[in-house]
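K.L.:
Here's a sequence, model it:
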Amino acid sequence: MSRFTGHVPIRTCVSCRSKMAKMELIRLVVNGDNRIVVDKLKKVNGRGIYICNDSTCMERFLKNRDYGRFFRTDKDIKPGF
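P.N.:
All right, here's what the predicted structure looks like:
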């Protein structure tokens, strides 16, 4: 008899496009000051994106600088971390 483990939410890293469990990724959101911040509890309101907990993915994300495209906004967004 198999044991029911429940649903595991899957999200995609915006940098490398790999799919992983939500809890394995870092969630980034834009705060009221148009700064990108880490959402540690993964529950802050607003549009969030997920990125791997890997320095290569983070460097690739920061190098792109087209943050508005990821957050689907026209605001001028700056990294705040």
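
K.L.:
Which elements pack onto the least confident helix or strand in the chain by mean pLDDT?
P.N.:
The helix or strand of the chain with the poorest confidence is strand 78-79; it has a mean of 82 (mean pLDDT, DSSP states H and E). Strand 78-79 sits against strand 35-38, with contacts defined as 3 or more C-beta pairs under 8 Å, 6 or more residues apart in numbering; DSSP states H and E. Every C-beta, even on glycine, is put in place using the N, C-alpha and C of the backbone.

K.L.:
Direction included, what does the least confident helix or strand of the chain pair up with?
P.N.:
Strand 78-79 has its sheet partners listed here by DSSP bridges as strand 35-38 (parallel).

K.L.:
one step back: next one: the least confident helix or strand of the chain to chain centre, how far?
P.N.:
Distance of strand 78-79 from the chain centroid (C-alpha atoms, centre = their mean, to the nearest Å) equals 14 Å.

K.L.:
Contacts for that strand, please.
P.N.:
For strand 78-79, the external contacting residues (C-beta atoms under 8 Å, 6 or more residues apart in numbering) are 34-36, 62, 67.
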